[in-house]
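Visitor: no sequence on this one, just coordinates:
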């Protein structure tokens, strides 16, 4: 869903530049670089004007720059809402999965414990019938067994919870690394586009100077 929102903005920007007879292959990425920067909105607006004033009709740069920036702000809000919805759905799914696993673990441990308790109880009763002198010792053994079973069940629950937390941390770390990689790539692309723009300006300036000398 996030890619759909981003594609919508990219498509709109390319269509807008094409309608203004602006080379979208050159300027689309350059404009995106300005919009994705960390500058304040006012600074982004001025940067857009600085680019568009040289390639648009006289007096149009202000309106076009504001229109592009407004469209970008709308895109960011839609993207943020979409990301929050996806995150909420993922959290709910993870919680449901954890609760289901814990419930299954509790049922399994309870059944196993009940069977073992019954077996042990039968053994104790047999000992009572054979050696009555060991009655107190048998009761202590049974209580110790129940306490051990309870501790074992708790440890199993804790292990399941730790595994889920570890998996979630690894998932977040992976997403963070991918995001940092994308930022670095975007920064490199922005610099490359800036250099292409500067080279284009230099060529245009030389061509203009050459024409003036001929006149």
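Guide: On my side now, so go ahead. Just so you know, these numbers come straight off a predicted model, no measurement behind them.

Visitor: so residue 82 is in which element?
Guide: Assessed by DSSP states H and E, residue 82 sits inside helix 61-130.

Visitor: what's that helix packed up against?
Guide: Applying 3 or more C-beta pairs under 8 Å, 6 or more residues apart in numbering; DSSP states H and E, we find helix 61-130 packed against helix 2-19, helix 24-35, helix 41-52, helix 135-214. Every C-beta, even on glycine, is put in place using the N, C-alpha and C of the backbone.

Visitor: quickly note the distance from the residue nearest the centre of the chain to residue 168.
Guide: Here the mean C-alpha position of the chain is nearest to the C-alpha of residue 175 (C-alpha atoms, centre = their mean), at a distance of 5.7 Å. Distance of residue 175 to residue 168, given as C-beta to C-beta, to the nearest Å: 11 Å.

Visitor: check residue 10 too.
Guide: Residue 10 is 32 Å from residue 168, by C-beta to C-beta.

Visitor: quick one: distance of stretch 10-23 to the chain centre.
Guide: 30 Å (C-alpha atoms, centre = their mean, to the nearest Å).

Visitor: so for it, mean pLDDT?
Guide: Average pLDDT, stretch 10-23: 91.

Visitor: and for stretch 198-206?
Guide: 84.

Visitor: buried set for that stretch?
Guide: Within stretch 198-206, no residue qualifies as buried by neighbour count (16 or more other C-beta atoms under 10 Å).

Visitor: can you check stretch 34-49 too?
Guide: 34, 35, 44, 45, 47, 48, 49.

Visitor: go on, stretch 19-31?
Guide: 22, 24, 27, 28, 29, 30, 31.

Visitor: by how many degrees do the helix holding residue 82 and helix 41-52 diverge?
Guide: 130 degrees (axes from the mean of the first three to the mean of the last three C-alpha atoms, to 10 degrees).

Visitor: now do helix 61-130 against helix 24-35, angle only.
Guide: 60 degrees.

Visitor: so that it lines up with my notes, have the first residue be 13 from now on.
Guide: Sure, I'll start numbering at 13, so the last one becomes helix 73-142.

Visitor: helix 73-142 - what's its average pLDDT?
Guide: 80.

Visitor: about what we covered before: residues contacting the residue nearest to the centre of the chain?
Guide: Shown in contact with residue 187 (C-beta atoms under 8 Å, 6 or more residues apart in numbering): no residues.

Visitor: how close does it sit to residue 93?
Guide: 19 Å.

Visitor: and for residue 205?
Guide: For residue 205 relative to residue 93 (C-beta to C-beta), the value is 29 Å.

Visitor: need the winner for burial among the helices and strands packed on helix 73-142.
Guide: helix 36-47 (a mean of 19; mean count of other C-beta atoms under 10 Å).

Visitor: please name every helix or strand in contact with that helix.
Guide: helix 14-31, helix 53-64, helix 73-142, helix 147-226.

Visitor: cool, thanks, talk later.
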